[in-house]
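K.L.:
Sequence plus the predicted model coming up.
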Amino acid sequence: MNTLSFRTAIHSCILKSLQNKLIRSTFETTNLIQTREYAARKGTRERKKKGKVKVEIQKVGFIPHNQRNREKYLASRPKLKFDDSTMRDPVDDVFVMNYYKWVVYPFQEAVQCHRETHSPEIYNKPDSDLLVTVELNMQGEKKNKMVDNFTRIAPMPHKFDHGEERSIIAFSKTPENQDIAREAGAQLSGGPDMIKQIQNGQLSLADFKFVIAHPEILPELVVLRGLLKKRFPNPKNGTLDVNLGTAVHKFLHGVSYTATKDEYEKDFGLIETRVGPLSMDAKQLEENFAALVRDIYTMKPKRQGTFISRCILWSPPSPEKLKVDHVAYLEDTESTKSKGKVEDEDDEKVEQVAL
């Protein structure tokens, strides 16, 4: 090949490379984007606008450390309902309680055990209160319905200092019943004349914590229904009773207790109250405990199964807790049913009189 043809070949190659670069640069610099707009279906844009939900950020104030992530804590904590039916019975006096069933003590034996720990050689608290923890199954007649929280006063056969100041006003027509209520401890007892004094403003019902009445004065007492509201005498809670002396004694010396459902386990309820000091006679403490258990059992819903899961006795400052048998103090099923029927009939009578 001669030099002329070689040079022309080189020049042609250089020209082709320059042309390719020029074409590539022009494609890179020019934005040739083809767009097409199609008509949307009728109502599509409006539907998309409605689908866009505006997120509102709520400002939360300061939350204490013990309340943060409360729902996660309640969901992950161990269950409060206690069931040791699958565990073994202890074979001797020394055993690890986490792996065996709780020992069920007779009531008086449990009281004696607490007295030993509160002797002068150990805690030196012979007059400490004997407390009772009652665990309840709050499931109602249906599985998805639970028993609401309730507050009651259980009558105590043997009175003790419960630490509360209670004032009682009693209504009755006959002077005999008025004297009985006054002797039982009512601060004020009267009849229709006292109702007129309340209507005129001479007496104030706010000065009295409990209002108790005899059924014979119920028609005259209806005029105070607007003032009393939920405190209006009712046979269901014991404020409307034929025996005024018994009713006054119950609300004056009885023990107040509240059944509270757990926030997460709705079917678990708890009651904590007292039945007397350790220095009281063991038999009297047992009778007070029996009255408490029977009063709680009156709130049992109409379903099969147990309402009271277990009862535990304890006395501060000792951390020792002893399980006691409560089934022996419960009334027969037939008697509780008949009692409930009588209460329902009394409630219907009260409603008829009020109307």
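P.N.:
Received it, and whenever you're ready, just let me know what you need. Numbering: from 1, shown residues only.

K.L.:
From what I see, Pro235 and Asn243 are in contact.
P.N.:
No: assessed by CB atoms under 8 Å, Pro235 is found out of contact with Asn243, at 11.8 Å. Backbone N, C-alpha and C define where each C-beta goes, glycine included.

K.L.:
of the two, who's got more company?
P.N.:
Neighbour count, other CB atoms under 10 Å: between Pro235 and Asn243, Pro235 has more, with 18 against 14.

K.L.:
before we move on, which element is that one in?
P.N.:
Under DSSP states H and E, no helix or strand contains Pro235.

K.L.:
ranges for the strands of the stretch 251-355 of the chain?
P.N.:
255-261, 268-277, 308-314, 321-324 (DSSP state E, counting those that start in this stretch).

K.L.:
Could you list every helix and strand that the first one packs against?
P.N.:
The one in question is strand 255-261. Of the remaining helices and strands, those touching strand 255-261 by 3 or more CB pairs under 8 Å, 6 or more residues apart in numbering; DSSP states H and E are strand 150-154, strand 268-277, helix 282-297.

K.L.:
list the buried ones in it?
P.N.:
255, 257, 259, 261 (16 or more other CB atoms under 10 Å).

K.L.:
where does Gly191 fall, phi/psi-wise?
P.N.:
Dihedral pair for Gly191: phi -130, psi -140, per degrees, to the nearest 10.

K.L.:
what about it, how many residues close to it?
P.N.:
Applying other CB under 10 Å, we find 20 residues neighbouring Gly191.

K.L.:
Leu218 too?
P.N.:
18.

K.L.:
ok, back up a step: in TSV, list the strands of the stretch 251-355 of the chain along with mean pLDDT and distance to Gln202.
P.N.:
Below are the strands of the stretch 251-355 of the chain laid out as TSV (pLDDT from 0 to 100; distance: least, CB to CB, whole Å):
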stretch	mean pLDDT	distance to Gln202
strand 255-261	94	30
strand 268-277	95	37
strand 308-314	94	46
strand 321-324	94	50
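
K.L.:
Including distance to Pro175, could the ones you listed go into TSV?
P.N.:
TSV is the format used below for the strands of the stretch 251-355 of the chain (distance: least, CB to CB, whole Å):
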stretch	distance to Pro175
strand 255-261	31
strand 268-277	35
strand 308-314	42
strand 321-324	45
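
K.L.:
Now do the strands in the stretch 101-250 of the chain.
P.N.:
Under DSSP E, counting those that start in this stretch, the stretch 101-250 of the chain gives strands at 104-105, 129-137, 150-154, 168-171, 188-190, 210-213.

K.L.:
just the ones you listed: most buried one?
P.N.:
strand 168-171 (a mean of 26; mean count of other CB atoms under 10 Å).

K.L.:
on that earlier part again, nearest to Ala75 among the helices and strands packed on strand 255-261 would be which one?
P.N.:
strand 268-277 (14.4 Å; CB to CB).

K.L.:
Show me what counts as buried in the closest one.
P.N.:
Buried-residue list, strand 268-277, by 16+ other CB under 10 Å: 268-271, 273-277.

K.L.:
and that strand, how far from the chain's centre?
P.N.:
13 Å (CA atoms, centre = their mean, to the nearest Å).

K.L.:
Of all the strands of the stretch 251-355 of the chain, which one is nearest Met156?
P.N.:
strand 255-261 (5.7 Å).

K.L.:
Check which strands are paired with the closest one and give the direction for each one.
P.N.:
In the sheet, strand 255-261 lines up against strand 150-154 (antiparallel), strand 268-277 (antiparallel) (DSSP bridges).

K.L.:
any idea of the angle it forms with strand 129-137?
P.N.:
Per axes from the mean of the first three to the mean of the last three CA atoms, to 10 degrees, the angle that strand 255-261 makes with strand 129-137 is 40 degrees.
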